[in-house]
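S.K.: Kindly generate the corresponding structure for this input.
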Amino acid sequence: MRTKLLHLTLVLASFVGYLEWGADQSVFLLQAEAQLFAQGISDPGSVVHPFTLLPVLGQIALVWTLFQRSPSRRLAYLGIAGIGLLFGLLLFIGATAPHPGILAGALPFSVMSIVTIRHHRRQAAQAGRGR
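M.R.: Numbering: from 1, shown residues only. You can find the predicted model right below:
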């Protein structure tokens, strides 16, 4: 149950990612995904880009683990990696440029990723000792 709660928290934390560009242009990741989904229905080719597809596929992978009886560690790692590509870039931008909003939006997912990976490693170590 704790594993599923961690995976759910990762998905929710990925929605609070904050993007900011240009003069007075900003959006939370959840809003951007809704806009991309709406645009993708009318023009699917316009949303095909690694920085749009990989995070969404990562979220889908993490959501998929919520419906598994025993959540897949590999699927969780793939989900974290997919979303992590975008959030790694956001962390870099937030840390190197004066964008505290971007940094603050990227931290929850980053912290929860570390917590979840440590949880999965502890589970794997315990399973290895139990053999």
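
S.K.: The most centrally placed residue in the chain is in what secondary structure piece?
M.R.: Against the mean C-alpha coordinate of the chain, by CA atoms, centre = their mean, the closest residue is residue 83 at 3.5 Å. Using DSSP states H and E, residue 83 falls within helix 73-96.

S.K.: Which SSE is immediately downstream of that helix?
M.R.: helix 100-129.

S.K.: Which strands and helices lie in contact with the helix holding residue 83?
M.R.: helix 2-15, helix 50-66, helix 100-129 (3 or more CB pairs under 8 Å, 6 or more residues apart in numbering; DSSP states H and E). Every C-beta, even on glycine, is put in place using the N, C-alpha and C of the backbone.

S.K.: Show the average pLDDT along the longest one.
M.R.: Read it as helix 100-129. Taken as a whole, helix 100-129 carries a mean pLDDT of 93.

S.K.: cool, and the second one?
M.R.: For helix 50-66, the per-residue pLDDT values average out at 91.

S.K.: which parts of it are buried?
M.R.: Residues of helix 50-66 classed as buried: 52, 54, 55, 56, 58, 59, 61, 62, 64, 65 (neighbour count, 16 or more other CB atoms under 10 Å).

S.K.: and it, how far from the chain's centre?
M.R.: 7 Å (CA atoms, centre = their mean, to the nearest Å).

S.K.: What helices and strands are in contact with that helix?
M.R.: Judged by 3+ CB pairs under 8 Å, 6+ apart, the packing partners of helix 50-66 are helix 2-15, helix 29-42, helix 73-96.
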